[in-house]
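>>> next come a sequence and a model predicted from it.
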Amino acid sequence: MSNVHELNFLKEKIQGLKDQGVYRELPVLEGPNEAESMLNGKKVINLSSNNYLGFANHPKLKKAAIEAVEKYGVGSGAVRTIVGNMDIHEELDRKLAEFKREEAVMTFQSGFNCNAGTIQAITEKGDLIISDELNHASIIDGARLSKADKTIYKHADMNSLESVLKENKDKYRNMLIITDGVFSMDGDIAPLPEIVELAEKYGAMTYVDDAHGSGVLGESGRGTVDHFGLHGRIDFTIGTLSKAIGVVGGYVAGKKTMRDWLSHRGRPLLFSTSLPPAAVGAITEAINTLMSTTEYTDRLWDNAKYFKEQISKLGFDIGNSETPITPVIIGDEAKTMEFSKNLIDNGVFVSAIVFPTVPKGTGRLRCMVTAGHTKDQLDRAVEAFKKVGEEMNIL
Ligand SMILES: *Cc1c(COP(=O)(O)O)cnc(C)c1O
């Protein structure tokens with residue numbers, strides 16, 4: 001009989017990944033996340049981070065983090081509901097609410113656990129969660145923690161959403177429509193004005209996870225809701241502080257009632273220690289910066305437009321992205337992994353995104369352009385794509 005502690009059941013699965021050509025080691029970044037970074041001992045142009053605005057290693061944010069450490073220490077010492085709720089956490093919630101132009105904000109330790117905590121707190125048995133089929137894993141996991149029934153609608157398809165709403169409107173107490181604001185693997189924007197209209201018509205609530213819209217879309221990065229001018233008409237807007245904002249954390253913006261309830265039933269707030277002071281200090285500085293200048297978001301969009309033009313001119317399929325996320329779709333999983341490996345050999349790091357993160361047969365190199373890239377770096381990246389594409393007979 002085999003010994004279970006040898007983990008043979010996992011070894012078999014790992015062998016399966018190897019057989020499919022999708023096994024990989026974790027890449028190791030040696031130094032800060034920058035437009036050009038040291039990765040696995042090699043200097044590469046970094047087209048893989050979510051550091052949209054170049055804030056992850058920004059001197060002003062670092063200074064604010066150090067000052068917060070000097071004043072408040074390295075840890076908050078408890079969950080928010082005990083004594084881990086410092087005045088800087090409260091100030092950050094207020095500042096984010098002002099930035100997002102909403103009544104109130106509750107900040108969590110990550111975007112992932114903001115979804116895990118919020119969805120289950122605002123739904124219960126007798127409710128229906130209606131989710132876009134391409135929603136992020138943290139929404140799927142968050143919905144799994146809820147006792148509500150769950151269903152999906154076809155990606156961004158308003159006929160599909162309407163038929164789900166129509167069919168279920170009399171069967172449930174509340175219906176909650178959940179969508180990514182920006183879809184992280186394709187870079188397309190959810191049709192929020194139409195979603196809101198349908199939600200209002202059928203009396204459903206709306207929940208937008210704007211992880212990739214925060215700091216990117218709208219006035220100075222206020223997000224997808226601001227981009228469409230829908231303030232006050234989305235019930236729950238999730239943002240992350242780990243991507244464009246450059247630090248770590250997540251939040252939900254909406255009504256004060258929402259915040260009051262989450263402070264009692266948002267389980268990650270009750271059972272996991274709050275953000276460390278360094279993170280809070282740096283995030284606060286990032287939001288202050290966005291509220292005083294559009295310099296960073298302007299540069300991000302300039303770079304994104306430039307890169308997308310150059311890549312599509314070469315003849316690559318870049319899908320339907322409307323944001324700086326630029327998927328270069330290769331298709332086959334193993335080929336996508338090979339393309340990524342060849343790019344590294346040519347000094348460019350773009351991670352391959354394959355099943356199960358995206359549907360089978362839609363493997364892609366997901367290029368993330370940031371405000372921190374120079375035109376020269378983008379040109380060199382495009383050149384590497386051309387070379388590898390030709391060598392692999394894709395172009
Ligand atoms: C990245 C992401 C998250 C998770 O955010 P973290 O702050 O990194 O935990 C949640 N939702 C979406 C749509 C994301 O893209």
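Arrived safely, thanks for sending.

>>> skipping adjacent residues, who's closest to Ala190 in space?
Thr179 (4.5 Å; Cβ to Cβ, 6 or more residues apart in numbering). In this view, the C-beta of every residue, glycine as well, is placed from N, C-alpha and C.

>>> next: Lys63.
In space, Lys63 is closest to Glu285, 7.7 Å off (Cβ to Cβ, 6+ apart).

>>> may I have the helix or strand containing the residue nearest to Ala190 exported as CSV, CA atoms only?
Assigned by DSSP states H and E, Thr179 belongs to strand 175-180. Output of strand 175-180 as CSV, limited to C-alpha atoms (Å, rounded to 0.1, in the frame of the first residue of the first chain):
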residue,chain,number,x,y,z
MET,A,175,-30.6,39.3,-7.0
LEU,A,176,-26.9,40.4,-7.2
ILE,A,177,-25.3,40.9,-10.6
ILE,A,178,-21.5,40.6,-10.3
THR,A,179,-19.0,41.6,-13.0
ASP,A,180,-15.4,42.5,-13.4
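
>>> now the strands: where do they sit in the stretch 1-150 of the chain?
36-39, 42-46, 104-108, 128-132, 149-153 (DSSP state E, counting those that start in this stretch).

>>> doesn't Asp186 make contact with Glu322?
No. Between Glu322 and Asp186 there is no contact under Cβ atoms under 8 Å: 9.3 Å.

>>> of these two, which one has the most company?
Comparing Glu322 with Asp186 by other Cβ atoms under 10 Å, the one with more neighbours is Asp186, at 24 against 13.

>>> mind checking which helix or strand the residue nearest to Lys63 is in?
helix 277-292.

>>> report the angle between that helix and strand 104-108.
140 degrees (axes from the mean of the first three to the mean of the last three Cα atoms, to 10 degrees).

>>> helix 277-292 close to the ligand?
No. Shown here: helix 277-292 not in contact with the ligand (Cβ under 6 Å from any ligand atom), separated by at least 11.1 Å.

>>> give me the mean pLDDT for that helix.
Throughout helix 277-292, pLDDT has a mean value of 98.

>>> please compute how far it lies from its chain's middle.
Centre-to-centre, helix 277-292 and its host chain are 18 Å apart (Cα atoms, centre = their mean, to the nearest Å).

>>> check which helices and strands that helix is in contact with.
If contacts are counted by 3 or more Cβ pairs under 8 Å, 6 or more residues apart in numbering; DSSP states H and E, helix 277-292 sits against helix 59-72, helix 87-100, helix 295-313.

>>> quick one: which of those helices is nearest the ligand?
helix 87-100 (13.7 Å; Cβ to the nearest ligand atom).

>>> what comes up buried for the closest one?
Ile88, His89, Leu92, Asp93, Lys95, Leu96, Ala97, Phe99, Lys100 (16 or more other Cβ atoms under 10 Å).

>>> touching the ligand at all, it?
No. Helix 87-100 stays clear of the ligand (Cβ under 6 Å from any ligand atom), getting no nearer than 13.7 Å.
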